[in-house]
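Colleague: quick one, fold the following:
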Amino acid sequence: MLNPFFDKFVFTNGLKFRHNNFFLINLPFFIVPVEVLAGLLDNSDNEFNKKLYYSLKESVKKRFMKQMSREFGLKGEKMIGFLEKFFSASGWGSVKHVDLNFQKTEALVSVSNNPFSSFIKSSKQPVDHLHRAVFAGLFSSAFGKDVECVEVKCSSLGNETCEFVVRPQSMLDLKNPNTRNQVNFNA
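Modeller: Numbers count the residues shown, from 1 in each chain. So this is what the prediction gives:
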């Protein structure tokens, strides 16, 4: 038994290991020590962090979400619920949307037991650009409109959980230095 989420796929033969790669249905994925990815996040170079965020966000929107939609046929709130379970079962912490509004194209997402924060304890700013990028790509696809994601609470800064605000760029607080450090603004 792996966990209830993946056990269903093992039972139905939807989780496979072939050619030295894991596949969930036909979606390839891998298992990696958290320290490897945490090393990408443990820096204060805002320009690097923005490049990482935007590159991953685009990949999630253009490739991952299209493949998830094709493989599982889910859209909107059902896709978001499935992906919360997928990422939680895959070791990304307990991922849950606290608030979700399709009409306003915004969401508040909470991550407890964030694995990256356990390795990054002395940060002076939010660090989880991986979750931010995945959420921005996921919700951009689900909403059918481009959105950004800003980490407003970070457990590496002493918060109990990490919290992420997802909304269109025009709805973000341009005066907030935390927001400005995380997102490129179109003037």
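
Colleague: over to Arg18: give its phi and psi.
Modeller: Dihedral pair for Arg18: phi -140, psi 150, per degrees, to the nearest 10.

Colleague: ah, wrong one, I meant Thr12
Modeller: Dihedral angles (degrees, to the nearest 10) for Thr12: phi -90, psi 10.

Colleague: okay, now the domains of this protein?
Modeller: Listed domain ranges for the chain are 1-31, 33-182 (source: automatic domain parsing).

Colleague: OK, contacts around Leu40?
Modeller: Applying CB atoms under 8 Å, 6 or more residues apart in numbering, we find Leu40 in contact with Leu52, His129, Leu130. Placement of C-beta: from N, CA and C, glycine included.

Colleague: make it 7 Å
Modeller: Leu52 (CB atoms under 7 Å, 6 or more residues apart in numbering).

Colleague: separation between it and Leu83?
Modeller: 21 Å (CB to CB, to the nearest Å).

Colleague: Lys153 too?
Modeller: 21 Å.

Colleague: and the helix or strand hosting Val152, what does it pack against?
Modeller: Under the criterion of DSSP states H and E, Val152 resides in strand 148-153. Of the remaining helices and strands, those touching strand 148-153 by 3 or more CB pairs under 7 Å, 6 or more residues apart in numbering; DSSP states H and E are helix 129-143, strand 162-167, helix 177-182.

Colleague: direction included, what does it pair up with?
Modeller: Sheet pairing for strand 148-153, assigned by DSSP bridges, gives strand 162-167 (antiparallel).

Colleague: buried sites along the strand holding Val152?
Modeller: Buried residues in strand 148-153, counted by 16 or more other CB atoms under 10 Å: Glu148, Cys149, Val150, Glu151, Val152, Lys153.
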